[in-house]
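1. A structural model of the following input is requested.
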Amino acid sequence: MKLSKYFIPALLSPLMLVGCADYDDWSTNPGEKPATIAGYEYLNDYAPLKENLNPDAAGSFVLGAGIGESEFNQKASLFRLAAHNFDEIVAGNAMKMVSCVNAENGEMDFGGVSTFLQSAEEAGLNVYGHTLAWHSQQPVKWLNKLLKDKELDIDPDAKIEKEIYYGDFAGKDKFPYFVMGYEPTIVNGCLHSENPGSWYQYFIADGIPVPEDGNYTAIVKVKGSKEDALTLNMGWGWGSGESASGKLKVTTEWTESKVEFTGVPGKSCNLVLQPGGYDGTLDIEIVRVVRYESPAVEVLVEDYDYSYKNEAKFPWFVMGYEPTIVNGCLHSENPGSWYQYFIADHIPHPIEGDYVATVRVKASKDDLITLNMGWGWGSGESASAKLKVTTEWTEQQVRYNGIPAKDCNLVLQPGGFDGTIDIEWVKCAHVVKMNSIPLTDEEKKDTLTWAMDRWIKGMMEACEGRVKAWDVVNEAVSGGDPDAEGVYALQSMELATRGKSDAEIAKIKEENFFWQDYLGDLDYVRTAVKLARKYGPEDIKLFVNDYNLEYEWHGNDNKKLQSLIKWIERWEADGVTKIDGIGTQTHISFQADPDKQKKQEDLIKDSFKRMAATGKLVRVSELDMGYTDANGNKVTTDKMTEAMHKQMSDFYKFIVKAYFENVPAAQRYGICQWCITDAPSSSGWRPSEPVGLWKQDYSRKHTFAGFADGLSEATGKAAQ
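-> As a prediction, this is how the structure comes out:
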């Protein structure tokens, strides 16, 4: 299985060629031909590789080679060898996105592409484009910068009001809080006191949460029979000694008077009005406590989502009248006496801070009903707030302070509410404050569509119509996670990092950018194809290129190739997207185990048949070969024997002939030899393996003969 691939030929050999067929009259410094050795001299009798084809039988077949562009541009040995032996070349890295787009700032520079195209033109070679869309070798930093959170245009002097507590007296028939002295009553939904003119005090609010340090403001909607400034005391428990006070302004009109105080975090507060010698009437309609903060955006990060639609009965602990499940909703017909019941349980609270419970609810009449947030029966840790219910379906939110690392429950306490209540679902989320906001999925998709458009347009303009064929998408299909049809999933960050260590995940994220995670499995490829056709030449040919398409996946059935073919059908199902061909990389090794080698040969023939059956062009896009011994171990070049080299030569001939035998002439795009020479130990791709048709000194190998014989025998031309 191929895990990663980077084309780095690192050819550091002398400037010489073996065999007169590799020279020509315009060679400026051919060097001296080294002395031949027994067993290799026959290679001098072969014509350059491409001349072993019978052009009448080969048709439009293209013989290609992968090239290290920097060495090729020197126009020395590699330049001459490529010109003599091939029709087309593929740049190892020069035409990949990371080579042309600055990873820090996204600036595009196609100078290397232009130089490479000019060198190819001078050598009389066409260029095949590799690659337009891929998850590897991308300007990852820049692409991630495009997806960063949007900075918000916030007035630094502005403040927003965050409500901590809300209380009113509507629906009550008596004053519910602790009183010292003259006791108020409830009149017309307001707290009403007729003050005797002697000192007394009474609570107007209790159980007010104070979640964090800072200043808080009590807002009291109040009216008096005469104007005055009355003491409002903020206390943190009777006898605690922790309190603060301020003056509450009272007028003969309804006004919202404010008193600021500093909160003691983590404790509940109460508000006590101390009229002193005020000898008049007071009416209080609403009491609120708020905190004024800078207008950073608050984002809800969902921790809990529960719906009753699949429940057969109410699943949680109930105290009092028990609700039922009706039409996928929690339904209670409240008897009008006090009771309570759980509406959610085991709600995670991963961090310290504010949480918001959202309840989709409808009732038979409007009211405010207590919702209690508790952290375990009898724990004493709880908070409560008022949940507004109406006769229409609404999504009501209640804010509270969470206790981190503890599960919470939500208990509805209707009290004396004598009507019906229906609850469809409950959600809880923690609150994150920020001065920026994440892009939506649609914004991310739009942004990356722009980036892909910019990249493909820039590349096509740099190529000036001279590159007629491209790997439009490279290595899109994973090797697992089949869907209901048995089709393997596309590559993704989730699949790439699954089961990996933190260090491995960090490296994968640093080196890869999965466009399909944002554009979607369908639009990823459709967008790349659309843009390539929009900006490329009219006769452009577009291939999807992938590896291990001749590999044994889940048996003897080329499962990955089957998945790729299914994906092509899905991509083209829009009636607009057209993919011209399939590129099969074919990074293989000769297997010294005869059973394994036979199975591999069968899979290769089968893969050609399956690709041909699609009616698409078929291209062997990155052919190279190593050697694996009978124990399954890789054999390095220095350990290779003559017999092993000749086995590889025969396997090359088999592959070339199998291609011609199983792919109809009209569908044969061609074969590209990915590694011209054996790989040095410093190579980033198959280091120290005998992957070339030439040695590192550019002398021909037995594999050259096998490839040449395959071409000549398949097309009816005797090897020269």
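
2. Please enumerate the helices of the stretch 51-200 of the chain.
-> 55-58, 69-72, 77-85, 97-100, 111-123, 140-146 (DSSP state H, counting those that start in this stretch).

3. Can you lay out those as TSV showing distance to residue 329?
-> The C-beta positions use only the backbone N, C-alpha and C, and glycine is treated the same way. Conversion of the helices of the stretch 51-200 of the chain to TSV gives the following (distance: least, Cβ to Cβ, whole Å):
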stretch	distance to residue 329
helix 55-58	72
helix 69-72	66
helix 77-85	73
helix 97-100	52
helix 111-123	62
helix 140-146	43
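
4. Tabulate these (CSV), appending mean neighbour count, mean pLDDT and distance to residue 170.
-> Conversion of the helices of the stretch 51-200 of the chain to CSV gives the following (neighbours: other Cβ atoms under 10 Å; pLDDT from 0 to 100; distance: least, Cβ to Cβ, whole Å):
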stretch, mean neighbour count, mean pLDDT, distance to residue 170
helix 55-58, 14, 86, 91
helix 69-72, 22, 94, 79
helix 77-85, 23, 96, 88
helix 97-100, 20, 98, 64
helix 111-123, 17, 97, 74
helix 140-146, 16, 97, 52
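
5. Pass me the low-pLDDT residue ranges in the stretch 401-550 of the chain, would you?
-> Under the criterion pLDDT under 70, the flagged ranges of the stretch 401-550 of the chain are 404-405, 434.

6. The stretch 201-350 of the chain too?
-> By pLDDT under 70, the low-scoring segments of the stretch 201-350 of the chain are 211-214, 236-242, 264-266, 294-299.

7. how is this structure carved up into domains?
-> What automatic domain parsing lists as the domains of the chain is 62-146+441-715, 160-293, 303-437.

8. Buried deepest among the ones you listed, which one?
-> domain 62-146+441-715 (a mean of 19; mean count of other Cβ atoms under 10 Å).

9. how long is that domain end to end?
-> End-to-end distance of domain 62-146+441-715 (Cα to Cα, to the nearest Å): 13 Å.

10. With stretch 458-475 instead?
-> End residues of stretch 458-475 are separated by 22 Å (Cα to Cα).

11. what about the residue sitting nearest the centre point of the chain, is that helix, strand or coil?
-> The centroid of the chain falls nearest to residue 517 when counting by Cα atoms, centre = their mean (4.2 Å). Remark: residue 517 carries the secondary structure label helix [criterion: DSSP: H, G, I helix; E, B strand; the rest coil].

12. surely it meets residue 491?
-> No - counting by Cβ atoms under 8 Å, residue 517 sits too far from residue 491 to count as a contact (9.2 Å).

13. From residue 166, how far out is the residue lying closest to residue 170 once chain neighbours are set aside?
-> Nearest-residue entry for residue 170: residue 189, 4.1 Å, with adjacent residues in sequence omitted and distances by Cβ to Cβ, 6 or more residues apart in numbering. Summarising the geometry, the distance separating residue 189 from residue 166, computed by Cβ to Cβ, to the nearest Å, is 15 Å.

14. the strands in the stretch 601-720 of the chain, which residues?
-> Using DSSP state E, counting those that start in this stretch, the strands assigned to the stretch 601-720 of the chain run over residues 617-628, 668-673.

15. now these in JSON lines, with mean pLDDT?
-> Rendered in JSON lines, the data for the strands of the stretch 601-720 of the chain read as follows (pLDDT from 0 to 100):
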{"stretch": "strand 617-628", "mean pLDDT": "98"}
{"stretch": "strand 668-673", "mean pLDDT": "98"}
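
16. Of those strands, which is nearest residue 57?
-> When these are ranked by proximity to residue 57, the top entry is strand 668-673, at 10.3 Å, counting by Cβ to Cβ.

17. Which elements pack onto the closest one?
-> Packed against strand 668-673 by the contact rule (3 or more Cβ pairs under 8 Å, 6 or more residues apart in numbering; DSSP states H and E) you find strand 62-67, strand 88-91, strand 617-628, helix 642-662.

18. The same query, at a cut-off of 10 Å, please.
-> On a contact count with 3 or more Cβ pairs under 10 Å, 6 or more residues apart in numbering; DSSP states H and E, strand 668-673 meets strand 62-67, strand 88-91, strand 126-133, strand 581-584, strand 617-628, helix 642-662, helix 702-715.

19. and those as JSON lines, adding distance to residue 374?
-> Supplementary listing: those in JSON lines, determined by distance: least, Cβ to Cβ, whole Å:
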{"stretch": "strand 62-67", "distance to residue 374": "67"}
{"stretch": "strand 88-91", "distance to residue 374": "65"}
{"stretch": "strand 126-133", "distance to residue 374": "52"}
{"stretch": "strand 581-584", "distance to residue 374": "61"}
{"stretch": "strand 617-628", "distance to residue 374": "63"}
{"stretch": "helix 642-662", "distance to residue 374": "70"}
{"stretch": "helix 702-715", "distance to residue 374": "75"}
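
20. Is it correct that residue 245 is in contact with residue 229?
-> No - under the criterion of Cβ atoms under 10 Å, residue 245 lies out of contact with residue 229, with a separation of 11.6 Å.

21. could you check the distance from residue 86 over to residue 224?
-> Applying Cβ to Cβ, one obtains 98 Å for the distance of residue 86 from residue 224.

22. Of all the domains of the chain, which one comes closest to residue 44?
-> Each of the domains of the chain was scored for nearness to residue 44 using Cβ to Cβ, and the closest is domain 62-146+441-715 (7.9 Å).

23. ok, back up a step: now for the helices and strands packed on strand 668-673, which one comes closest to residue 207?
-> Comparing those under Cβ to Cβ, the one sitting nearest is strand 126-133, at 58.4 Å.

24. in its sheet, what does that closest one sit against?
-> When pairs are called by DSSP bridges, strand 126-133 turns out to pair with strand 88-91 (parallel), strand 469-474 (parallel).

25. Tell me which other helices or strands the top helix by length along the chain touches.
-> Ranked by residue count, the top helix of the chain under DSSP state H comes out as helix 441-463. Using 3+ Cβ pairs under 10 Å, 6+ apart as the contact criterion, the elements in contact with helix 441-463 are helix 97-100, helix 111-123, strand 126-133, helix 140-146, strand 469-474, helix 516-519, helix 521-535.

26. a markdown table for those, including distance to residue 67?
-> Converted to a markdown table, the helices and strands packed on helix 441-463 look like this (distance: least, Cβ to Cβ, whole Å):
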| stretch | distance to residue 67 |
| --- | --- |
| helix 97-100 | 14 |
| helix 111-123 | 8 |
| strand 126-133 | 9 |
| helix 140-146 | 25 |
| strand 469-474 | 15 |
| helix 516-519 | 29 |
| helix 521-535 | 22 |
